[in-house]
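In: give me a model of this one.
(one chain, ligands or ions: 1)
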Amino acid sequence: MFPQIKGHVTKQAHVGIPPGTYEEEHARRGFFGRTSHLYHLHPPTAWVRVEGPLRPRLILGERVVPADLMDSTAAPTALFENDDAVVSISRRSQAMPFYFRNGDGDEVHFVHRGLGRYETDYGPLAYEPGDYLWIPKGTTYRVVPEVSENFLLIVETREFVLPDRGLMGQHAFIDPAMLETPDPAPHAESDGEWEVRVRRERQLTSFFYRFHPLDVVGWKGELMPVRFNVRDLRPVVSARYHMPPTVHATFSADPCTICTFAPRPFESDAESQRLPFYHRNIDYDELLFYHAGEFMSRHGIGPGAFTLHPQGIHHGPHPKAFETIRQRQATNEVAVLVETTRPLRLSAEAEKAEDPAYATNWAQ
Ligand SMILES: [Fe+2]
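Out: Presented below is the predicted three-dimensional model:
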């Protein structure tokens, strides 16, 4: 391509932003396509009124009461979906009285709260807050909580893979050797009836067995459930350059990528930008789930909340974040970002838990 330079700019992106200006990245294909940087006199998110359907959304996940909280036979509650992906929450207090198999796609579960175990064909995996459980399409499993307060975020798409780390090398951010996989733990019971619910094209069919369906005595191969905890992630940072969010990619899939923002030091260089730059989402919807810590680019958002920044409009740091960021050396935030190429629709449950004031929060 052919970069052009016009007017007042900085020598390098995200470094030495001209005083009194706000840098915006206008890019195709996330941060990988053709890109320009624009230097605004005002934050491009500071609109005072919105008319029409397109707006940033804040969904207070703690206000959602998933059906499976009180009814152990119920499914998780979908909050956001499109033809490629579904994002749900589950708050089971009791063990699932059935086994489940997703015939539509892989699932990634993120444990916001709770303790317990997943029973799978491949064996059990324990869970605790901050865990990711990656459950391949077609795995039979059930969730067995050990405490009454559980809060799981579930992201589903056709197939997740671990992202290629490119020049950073295969051990950056997540060393694959630390991924935990289950050991076989066959159930021998044959006195009773067991239900396996299979989801295909988002419809459920139940299969009933006279023997326990988790009867695997051994397995081999490279497709299996996996667990790891965000405390073991090693974020890729630079002291002198603000890295794009893609360095935090945790699971990738063409229509749906998951990134994790984990505790990390800020850029120490005085000229380097510390906050995410403003950008307009052209090719991805960005759904961010706030798990723990103080969220560096957001003011007034707590754990359990989701923000959705849809394609076509700008987002970026809240102005108050600029005031505080230079006094701190690091962030302790843990947040999960789900990026989808198709727009996400909100379910009725998500709309009921929305804080509409968020749409104009940058102007406040
Ligand atoms: Fe973004």
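In: show the contacting residues for Trp194.
Out: Residues in contact with Trp194 (CB atoms under 8 Å, 6 or more residues apart in numbering) are Phe98, Tyr99, Phe208, Tyr209, Phe211, His212, Pro213. C-betas here are computed from N, CA, C, even on glycine.
In: with adjacent residues omitted, what lies nearest to it?
Out: Distance criterion CB to CB, 6 or more residues apart in numbering; nearest residue to Trp194, sequence neighbours excluded, is Tyr209 at 4.7 Å.
In: quick one, which of the contacts of Trp194 are buried?
Out: Among the contacts of Trp194, those buried by neighbour count (16 or more other CB atoms under 10 Å) are Tyr99, Pro213.
In: check contacts around the residue nearest to Trp194.
Out: Glu193, Trp194, Glu195, Val196.
In: farthest pair in the residues you listed?
Out: The largest separation in these, counting by CB to CB, is between Glu193 and Val196 at 10.9 Å.
In: helix or strand for the closest residue to Gly312 other than its chain neighbours, which one?
Out: Leaving aside its chain neighbours, Gly312 sits nearest to Leu54 (5.8 Å; criterion: CB to CB, 6+ apart). According to DSSP states H and E, Leu54 maps onto no helix or strand at all.
In: got a pLDDT number for Leu54?
Out: Model confidence at Leu54, given as pLDDT, is 94.
In: same question, Arg274
Out: So Arg274 comes in at 84 (pLDDT).
In: buried set for stretch 206-225?
Out: Buried-residue list, stretch 206-225, by 16+ other CB under 10 Å: Pro213, Leu214, Val216, Met224, Pro225.
In: just checking, which helix or strand of this protein averages the lowest pLDDT?
Out: helix 319-325 (a mean of 77; mean pLDDT, DSSP states H and E).
In: would you indicate which residues of it are buried?
Out: For helix 319-325, a neighbour-count test (16+ other CB under 10 Å) marks Pro319, Ala321, Ile325 as buried.
In: identify, from these, the entry nearest to Glu119.
Out: When the buried residues of helix 319-325 are compared against Glu119 (criterion: CB to CB), the nearest one is Ala321, at 42.5 Å.
In: measure the closest one to Arg328 for me?
Out: 10 Å (CB to CB, to the nearest Å).
In: can you name every helix or strand that the least confident helix or strand of the chain contacts?
Out: Packed against helix 319-325 by the contact rule (3 or more CB pairs under 8 Å, 6 or more residues apart in numbering; DSSP states H and E) you find no helix or strand.
In: need the CA coordinates for that helix. PDB is fine.
Out: C-alpha atoms of helix 319-325 as PDB (Å, rounded to 0.1, in the frame of the first residue of the first chain):
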ATOM      1  CA  PRO A 319     -11.900  10.800  29.400                       C
ATOM      2  CA  LYS A 320     -11.600  10.200  33.200                       C
ATOM      3  CA  ALA A 321      -9.200   7.300  32.500                       C
ATOM      4  CA  PHE A 322      -6.700   9.700  31.000                       C
ATOM      5  CA  GLU A 323      -6.600  11.600  34.300                       C
ATOM      6  CA  THR A 324      -5.700   8.600  36.400                       C
ATOM      7  CA  ILE A 325      -3.600   6.400  34.100                       C
END
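In: spatially nearest residue to Ile89 (excluding sequence neighbours)?
Out: Pro66 (5.4 Å).
In: how about the one you found, what does it touch?
Out: Ala74, Pro76, Thr77, Ser88, Ile89, Ser90, Arg91, Glu349.
In: likewise Trp219?
Out: Here Trp219 is in contact with Asp121, Tyr122, Pro184 (CB under 8 Å, 6+ apart).
In: over to it: give its phi and psi.
Out: phi -150, psi 160 (degrees, to the nearest 10).
In: poorly predicted segments of the stretch 251-364 of the chain, please.
Out: 296-297, 299, 364 (pLDDT under 70).
In: picking that back up, shared neighbours of Glu193 and Val196, anything?
Out: What both Glu193 and Val196 touch, as defined by CB under 8 Å, 6+ apart, is the set Phe208, Tyr209.
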